[in-house]
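# Turn this into a structure:
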Amino acid sequence: MIKCILVINNQGKARLMRFYYDVAADRQKHIMNSLYRIVSTRVDDNCCCFAEDESLFGTDHKIIYRHFATLYFVFVADSAESELGVLDLIQVFVQVLDSCFENVCELDLIYHYDRVNYILDEIVMSGMVLETNADLVVTSIKETKKLEQEGSTFGF
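Numbering: from 1, shown residues only. I've put the predicted structure just below:
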């Protein structure tokens with residue numbers, strides 16, 4: 001199960017923060033700062049995209065991340081999730097964002113926060129992975145956007 005998803009910029013500011021379990025706001029900030037410190041200091045090309053911090057999540061959790069341009073995409077998952085599967089999930093998320101925003105950038109995450117959350121909900125909901133096929137997610141988003149533009153009332 002995925003415990004949290006964070007998108008953090010190079011300066012350590014959260015651009016997306018989603019926790020799938022109850023966490024106090026001050027603890028969320030502490031987790032975000034700790035995760036940023038962990039992933040931003042691993043700049044060596046020989047480092048893998050996996051890390052652990054038992055003080056934050058215990059022994060049963062893994063930190064999986066990718067760095068794209070000015071953003072760190074960080075997923076924290078328990079041992080039931082495959083590290084490579086989550087790494088692929090990050091790639092799918094970024095690929096869908098790129099398709100929807102045409103070369104996604106940090107400003108897209110800021111100004112289209114609702115769309116980014118909708119995209120994330122199409123991929124992961126309640127910590128469970130729903131869809132890993134980027135084409136199916138993009139198709140679903142396009143269909144929803146088409147319905148919104150038509151002003152669909154679902155037969156009412």
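# ok, and for the least confident helix or strand in the chain by mean pLDDT, which residues are buried?
Least confident helix or strand of the chain, by mean pLDDT, DSSP states H and E, is helix 54-57 with a mean of 82. Residues of helix 54-57 classed as buried: 56-57 (neighbour count, 16 or more other C-beta atoms under 10 Å). Where C-beta positions appear, they are placed from N, C-alpha and C, glycine not excepted.
# And for it, what's in contact with it?
With contacts defined as C-beta atoms under 8 Å, 6 or more residues apart in numbering, helix 54-57 is touched by 3, 31, 34-35, 76.
# For those, work out which two are farthest apart.
K3 and S34 (13.5 Å; C-beta to C-beta).
# Settle it for me: which of the two has more neighbours?
Higher neighbour count among K3 and S34: K3, with 22 against 15, using other C-beta atoms under 10 Å.
# Not counting sequence-adjacent ones, nearest residue to the more buried one?
Distances taken as C-beta to C-beta, 6 or more residues apart in numbering put V76 closest to K3, at 4.6 Å, once the chain neighbours are dropped.
# surely the one you found meets L35?
Yes - taking contacts as C-beta atoms under 8 Å, V76 lies within contact range of L35: 7.5 Å.
# overlap in contacts of these two?
In contact with both V76 and L35: 6, 63, using C-beta under 8 Å, 6+ apart.
# Please, where are all the helices along the protein?
Assigned by DSSP state H, the helices in the chain fall at 25-40, 54-57, 83-101, 106-111, 113-123, 134-150.
# quick one: low-confidence parts of this protein?
By pLDDT under 70, the low-scoring segments of the chain are 43-46, 152-156.
# if you set the cut-off to 80 instead, what comes out?
Residue ranges of the chain with pLDDT under 80: 42-47, 58, 151-156.
# show me the contacts for the closest residue to T132 other than its chain neighbours.
Computed as C-beta to C-beta, 6+ apart, the closest residue to T132 that is not its neighbour in sequence is V92, at 5.7 Å. In this structure, V92 makes contact with 123, 132-134, 137, judged by C-beta under 8 Å, 6+ apart.
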